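Colleague: I would like to see how this sequence folds:
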Amino acid sequence: MAIRKAVQEDLDAVKAIYKKIFQYQNEGKLLVGWVEGVYPTDETAEKAFKNGDLFVMEEDGKILASARINQDQEEEYRAADWKYKGVPDQEVMVIHTLAVDPECSGKGYGSAMVKFYEDYAMEHGCRYLRMDTGEVNQTARRMYKKLGYWEADIIPCDFNSIPDWKMVCLEKRLNCYKKSGKSY
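Modeller: Okay, here's the model as predicted:
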């Protein structure tokens, strides 16, 4: 299994994962709260790829998961009651749109993507990690809690054109980080 920056050829697989998640959700096998045709869309993956912040997990030539990783905090984060207040933006890394192929759920791929995100943040001098999920996504919330993330707040909003969204804002502080090859 390898996690790497996405290449153009990965986009169709990432979009297919989004579609499978919607299919599973429509069949009642999964509840993430995403809305088909609203978020995430093909354009979500394309924009992340263009921005250079789309990452994929690949095993035996198959894309199993994807996520955007960058330092772009959502506008709604301003309203959250973060545990770590006043953190400089340049020390915050964010993971967005973490998607695991539902046919592969329960195998630790989501946790592996989050671990990669934490290592990536550390390598880029960011010791504060932030993310969000929907209040209805109990599976993700349990996983994030198990991985040491603190639920800072639940913000009611219209998010990514999804009305009446309840955004669970999560955070974690790394004990150290690396910058220029040195650990701090």
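Colleague: OK, contacts around residue 174?
Modeller: Counting by C-beta atoms under 8 Å, 6 or more residues apart in numbering, residue 174 touches 118, 121-122, 126-129. Every residue, glycine included, has its C-beta placed from N, CA and C.
Colleague: what do you get for residue 56?
Modeller: 3-6, 10, 13-14, 63, 65-66.
Colleague: what bridges to it?
Modeller: Note on residue 56: beta-bridge partners residue 4, residue 66, judged by DSSP bridges.
Colleague: In terms of pLDDT, where does it sit?
Modeller: Note on residue 56: pLDDT of 98.
Colleague: Could you measure from it over to residue 162?
Modeller: Applying C-beta to C-beta, to the nearest Å, the value for residue 56 to residue 162 is 24 Å.
Colleague: on that earlier part again, which one of the contacts of residue 56 sits closest to residue 46?
Modeller: Top of the list for closeness to residue 46, among the contacts of residue 56 and by C-beta to C-beta, is residue 14 at 9.2 Å.
Colleague: which element is the closest one on?
Modeller: Under the assignment given by DSSP states H and E, the secondary-structure element containing residue 14 is helix 11-26.
Colleague: in that helix, what counts as buried?
Modeller: Of the residues in helix 11-26, 11, 13-15, 17-18, 20-22, 24-25 count as buried by neighbour count, 16 or more other C-beta atoms under 10 Å.
Colleague: what's the answer for stretch 133-147, then?
Modeller: Of the residues in stretch 133-147, those buried by neighbour count under the rule 16+ other C-beta under 10 Å are 133-134, 137, 139-141, 143-144.
Colleague: going on from the strand or helix carrying residue 132, what's the next piece of helix or strand?
Modeller: In the assignment (DSSP H and E), residue 132 maps to strand 128-134. Read in the C-terminal direction, the helix or strand following strand 128-134 is helix 138-146, with elements assigned using DSSP H and E.
Colleague: Quick check: which helices or strands does that next one pack against?
Modeller: Counting contacts by 3 or more C-beta pairs under 8 Å, 6 or more residues apart in numbering; DSSP states H and E, the secondary-structure elements packed against helix 138-146 are helix 109-123, strand 128-134, strand 150-159.
Colleague: Give me the contact list for that helix.
Modeller: Counting contacts by C-beta under 8 Å, 6+ apart, the residues touching helix 138-146 from outside are 30-32, 98, 105, 110-111, 114, 131, 133, 151, 168, 170.
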